[in-house]
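Mind folding the following:
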Amino acid sequence: MNDKSILEGLFRQHYGKMIHLARTLLHDDAEAQDVVQDVFARLLENEYQMTGNKTEAYLMSAVRNGCLNHIRKMQLRERFKHLQPLDEVEDSRPIEEVLAELDRINAIVDGQIEEPQRSIFRLRFDEELTFQEIATRLDMSVGSVYKYLRQCINRIKSLI
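Got it, this is the predicted structure:
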């Protein structure tokens, strides 16, 4: 949209509704303003042809999508903040203690876990297959693989 006067008109007509939606979704004035400004910046850079009554719907959808993308990015940043690189994780237990715990887990899996949980556990942790690979190999859905593995892990935790 190259005509700046049309863009100014759209800004004056729809900015209030757009900023209200962004503030409602983001709960932050500065972030809401950034999202709305990004929508208008994209309009200025690109050749969008909006006609009649679809203009407001397009602008509101663009703001909503911009807010949702912003929320996803923020959630991802928060999740990464809480992750520790594997090389920083310290297990101060002696190696013998760790190996003994692994032996206990293997004994529980072999002696007290029923099929198909046992096979799924072995495929996931011994062969390091993905959920999809396990599902294909055992001819079941990925959801079932996840459910059975979760049951197995919960059972192991309760027995340790």
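
And the helices in the protein?
Along the chain, the segments classed as helices by DSSP state H run 4-26, 29-45, 54-82, 95-112, 117-125, 131-138, 142-159.

Most tightly packed of the ones you listed?
Burial of these is given as mean neighbour count (mean count of other Cβ atoms under 10 Å); helix 117-125 ranks first at a mean of 19. Quick note: C-beta positions are derived from backbone N, CA and C, even for glycine.

I'd like to check what contacts it. Which residues are they?
Helix 117-125 is contacted from outside by 109-110, 113, 129, 131, 133-134, 137-138, 145, 148-149, 151-153, 155, using Cβ atoms under 8 Å, 6 or more residues apart in numbering.

Between these, which sits nearest K4?
Relative to K4, the closest of those is F131; by Cβ to Cβ it sits at 51.8 Å.

pretty sure that closest one contacts V145?
Yes - using Cβ atoms under 8 Å, F131 makes contact with V145 at a distance of 5.0 Å.

Which neighbours do these two have in common?
Shared contacts of F131 and V145 (Cβ under 8 Å, 6+ apart): none.

Would you mind measuring the gap between the ends of stretch 43-59?
Distance across stretch 43-59, first residue to last, is 10 Å (Cα to Cα, to the nearest Å).

wait, stretch 132-152
18 Å.

Nearest to Q37 among the contacts of helix 117-125?
Looking across the contacts of helix 117-125 and measuring by Cβ to Cβ, the closest to Q37 is F131, at 41.0 Å.

Distance-wise, check the closest one relative to L149.
8 Å (Cβ to Cβ, to the nearest Å).

domain parsing for the protein?
4-82, 91-159 (automatic domain parsing).

Could you export the ones you listed to JSON lines, including columns for mean pLDDT?
Shown next, in JSON lines, are the domains of the chain (pLDDT from 0 to 100):
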{"stretch": "domain 4-82", "mean pLDDT": "82"}
{"stretch": "domain 91-159", "mean pLDDT": "89"}
